[in-house]
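Visitor: what shape does this take:
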Amino acid sequence: MAGKTLKNSYKNVDVNKTYSLAEAVKLIKDNAKAKFDETIEVSVNLNIDPRKAEQNLRGVVQLPNGTGKTYRVAVFAKGPKADEAKAAGADIVGAEELADMIQKGEMNFDRCIATPDMMVLVGKVGKILGPRGLMPNPKLGTVTMDVAGAVKAVKGGQVEYRSEKAGIVQAGVGKASFTEKALVENIQALLSVIQKARPAGVKGTYVKKMSLSSTMGVGIRFDAPVEA
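Guide: Next comes the predicted model:
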């Protein structure tokens, strides 16, 4: 039944057509009919070889209009830095006691931040955090002395992106309830960062295909000029 509903709701979408970004966003919003606020996701197929370390993309982008999701943030810090994290809105702040919670499987958070001096302690729970994509990383701005800035960035709409095995980068860029303008701006921000992250060794076409989808919807191919 769900498949039939999906088919009917997308009968106005040509899956073989490449739409403009504005057209794709409008179609996605018009067809997001679920009883909950669907997440809008961008998928970018890149001409990269993720088996080569230098072509493995991973980073963060600050979406100008946020993500529409509330992130719970855990911070490994002590003393004044712990106080700064709490003041910035961190949900869980601690050191040894936070590591103990993680070892017990108590991980009620979506992002993990740490000050550099805490990384020896964080390393002890790395085998738990790593597979869940929660390990603090300097490249992602989650190992930093500016814990307040990092917490505010995550809470304010920072999104992590990374290339998967097939060279595809996927990231949530908002909710179906967002305005078309807000979604377009978020998508352009993500695409701009991906463009700037182009590995030096990539020859020819970099972005092969882009598509937009909602939680319950089909993928809609789109094209958009991207400023490097």
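Visitor: could you list the low-pLDDT ranges of the protein?
Guide: 1-11, 225-228 (pLDDT under 70).
Visitor: contacts for the lengthiest helix in it, please.
Guide: With DSSP state H applied, the helix covering the greatest number of residues in the chain is identified as helix 180-196. The set of residues external to helix 180-196 that reach it, using Cβ atoms under 8 Å, 6 or more residues apart in numbering, is 21-22, 25-26, 28-29, 40, 42, 44, 46, 57, 59, 61-65, 159, 161, 169, 171, 173-174, 178, 206-207, 210, 212, 224, 226-228. Every residue, glycine included, has its C-beta placed from N, CA and C.
Visitor: restricted to helices, list the residues you listed.
Guide: Using DSSP H to define helices, the subset of those located there is Leu21, Ala22, Val25, Lys26, Ile28, Lys29.
Visitor: list just the nearest of those to Val202.
Guide: Distances from the ones in helices among the contacts of helix 180-196 to Val202 were compared by Cβ to Cβ; the smallest belongs to Leu21, at 22.6 Å.
Visitor: the closest one contacts Ser211, doesn't it?
Guide: No: counting by Cβ atoms under 8 Å, Leu21 does not reach Ser211; the two are 11.3 Å apart.
Visitor: who touches both of those two?
Guide: Common neighbours of Leu21 and Ser211 (criterion: Cβ under 8 Å, 6+ apart): Phe222.
Visitor: thinking again about what came up before, I'd like to know which of the ones in helices among the contacts of helix 180-196 are buried.
Guide: Neighbour-count burial within the ones in helices among the contacts of helix 180-196 applies to Leu21, Val25, Lys26, Ile28, Lys29; the criterion is 16 or more other Cβ atoms under 10 Å.
Visitor: nearest to Lys139, of these?
Guide: Top of the list for closeness to Lys139, among these and by Cβ to Cβ, is Leu21 at 28.0 Å.
Visitor: residues in contact with that closest one?
Guide: Under the contact definition (Cβ under 8 Å, 6+ apart), the residues listed for Leu21 are Val184, Ile187, Gln188, Phe222, Asp223, Ala224.
Visitor: skipping adjacent residues, who's closest to it in space?
Guide: With Cβ to Cβ, 6 or more residues apart in numbering as the criterion, Leu21 has its nearest non-adjacent residue at 3.9 Å, and that residue is Ala224.
Visitor: tell me who's in contact with the one you found.
Guide: Contact criterion Cβ under 8 Å, 6+ apart gives Ser20, Leu21, Ile187, Gln188, Leu191, Met210 as the residues in contact with Ala224.
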